[in-house]
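J.: Below: sequence and its predicted model.
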Amino acid sequence: MTDQHQLPSWPYCFCGPTCQAPIDSHTEKHRGHTERGRSAACDPSATSHLDLPDVLELAPPPSPSPSGESAMNYIIGAFKLPCDISITFADARGRKQVSVKKDNGKTTMVPVFQSMETISGEVSIAPVPGKRIEHMGVKVGLLGQIELYFDRGNFYDFTSLVRELEIPGEIYERKTYPFEFSSVEMPYESHNGTNVRLRYILKVTIGRNYVGNIVEYRDFYVRNYSPAPTINNSIKMEVGIEDCLHIEFEHNKSKYHLNDVIIGKIYFLLVRIKIKNMELEIRRRESTGSGSNTFVETETLAKFELMDGAPVRGESIPVRLFLTPYELTPTYRNINNKFSVKYYLNLVLVDEEDRRYFKQQEIAIYRLLDTPQTS
């Protein structure tokens, strides 16, 4: 009986039954031997087999592509604006500058204007070298906005003026456009409060069809001045506990400008409790919103110690409080139905048992017209 050789189930060479070399490990020349019989190359001891090492060595991982940084720069460049926009005021150098905090937390100096002034300047647009800007028009707007912090991101425009600078077309190189807003009515002062912000801005918009518009902002500040009031009556406050304490605090007027001095006297008409000390405070109360969405924030801006020790009946204490060192603003009443800012004098008495007695009186504060540069 002839020996029967069973073919292996994996792809071995068909040169002969003793060849154990996989077909895939042979060269094309070796594969041609399948029809001519067993080749010497099929012998397991032949040198034409692939000698595999006992331990496989893994190839080192490929090094990072040197173009990775370039790819990142490309991604960043894809979001970079195709032009630089600058907004300058015509008379900024000759104007008073104030510090304003921007949305990113940084502070910048901006010029100060007042209502009914003309605001003019130039808008400069410089495309990135080698690029052009196709646009649907260029315009500059002057906006007065109120932002409530509990509704952050929503702006209420109370002033909105627009000037067209360019008709639809293309910008290949730097262009400068003059603009002017004549006798602009800006009825409210700029204000950065605890829960509200009132600001004025110039907004340049380059309209585009298939991608987002290019927008640039420039802040400026508004301060409005008032003449001294013709009627300014004195105010008398009384603090009392029946049969125990009776005090009168009289100050010379009810309306003060930002650099004013509060002058008055405190009279002790009846003292049957032991008072330890007495203070006079200036408080600012800011209210925003309306109805159920009303938020009130009270802040103590100044504390002035009037007395340390027990007073006696018939004694009087003079009061002289300078307002200049404190960061005050004028009184704002129902600004555009969004917020109000009011100021109060708060007289506080503390007895030896640390019980507190107080009396508040509202005062009005304004920015005096006669000394605009010092307020």
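T.: All right, it came through fine.
J.: what separates residue 209 from residue 123, distance-wise?
T.: For residue 209, the distance to residue 123 (CB to CB, to the nearest Å) stands at 21 Å. To be clear about C-beta, it is placed using only N, CA and C from the backbone, and glycine gets the same treatment.
J.: List the contacts of stretch 224-232.
T.: Here stretch 224-232 makes contact (CB atoms under 8 Å, 6 or more residues apart in numbering) with 114-115, 186-189, 253-255, 257, 330, 366-370, 372, 375.
J.: Likewise for stretch 214-222?
T.: 81-83, 85-87, 89, 98, 100, 102, 108, 110-115, 119, 133, 186, 188-190, 199-206, 208.
J.: List buried members of the contacts of stretch 224-232 by neighbour count.
T.: 114, 186, 188-189, 253-255, 257, 330, 366-368, 375 (16 or more other CB atoms under 10 Å).
J.: For these, work out which two are farthest apart.
T.: Farthest pair in those (CB to CB) is 186 and 253. Separation: 28.4 Å.
J.: tell me the pLDDT at the most centrally placed residue in the chain?
T.: Nearest residue to the geometric centre of the chain (CA atoms, centre = their mean): residue 103, 1.7 Å. The confidence metric pLDDT takes the value 74 at residue 103.
J.: Closest to residue 348 out of the buried ones among the contacts of stretch 224-232?
T.: Looking at the buried ones among the contacts of stretch 224-232 and their distance to residue 348, the nearest is residue 254, at 20.0 Å (CB to CB).
J.: ok, the closest residue to residue 290 other than its chain neighbours - how many residues close by?
T.: Excluding its sequence neighbours, the residue lying closest to residue 290 (CB to CB, 6 or more residues apart in numbering) is residue 337, at 7.0 Å. Using other CB atoms under 10 Å, residue 337 has 11 neighbouring residues.
J.: again, but for residue 209
T.: Residue 209 has 9 nearby residues by other CB under 10 Å.
J.: doesn't residue 263 fall inside a strand?
T.: Yes - per DSSP: H, G, I helix; E, B strand; the rest coil, residue 263 lies within a strand segment.
J.: Can you tell me how far it is from residue 300?
T.: 21 Å.
J.: do you know how far residue 282 is from residue 331?
T.: In terms of CB to CB, residue 282 sits 12 Å off from residue 331.
J.: Now do the shared contacts for these two.
T.: With CB under 8 Å, 6+ apart, residue 282 and residue 331 have common neighbours residue 343.
J.: okay, these two: which has more neighbours?
T.: Between residue 282 and residue 331, residue 282 has the larger neighbour count (other CB under 10 Å), namely 21 against 17.
J.: Can you list phi and psi of the residue lying closest to the more buried one once chain neighbours are set aside for me?
T.: Of all residues not flanking residue 282 in the chain, residue 302 sits nearest, at 4.2 Å (CB to CB, 6+ apart). The phi/psi pair for residue 302 (degrees, to the nearest 10) reads phi -150, psi 150.
J.: Same check on residue 152?
T.: phi -60, psi 140.
J.: need the contact list for it.
T.: Residue 152 neighbours (CB under 8 Å, 6+ apart): none.
J.: And it, how close does it get to residue 197?
T.: From residue 152 to residue 197 the distance is 9 Å (CB to CB).
J.: now do residue 121
T.: Distance from residue 121 to residue 197, by CB to CB: 23 Å.
J.: One more: residue 289?
T.: On the measure of CB to CB, residue 289 and residue 197 end up 14 Å apart.
J.: ok, now residue 319?
T.: Applying CB to CB, the value for residue 319 to residue 197 is 34 Å.
J.: Equivalent analysis for residue 331, please.
T.: 18 Å.
J.: what does residue 346 give?
T.: 26 Å.
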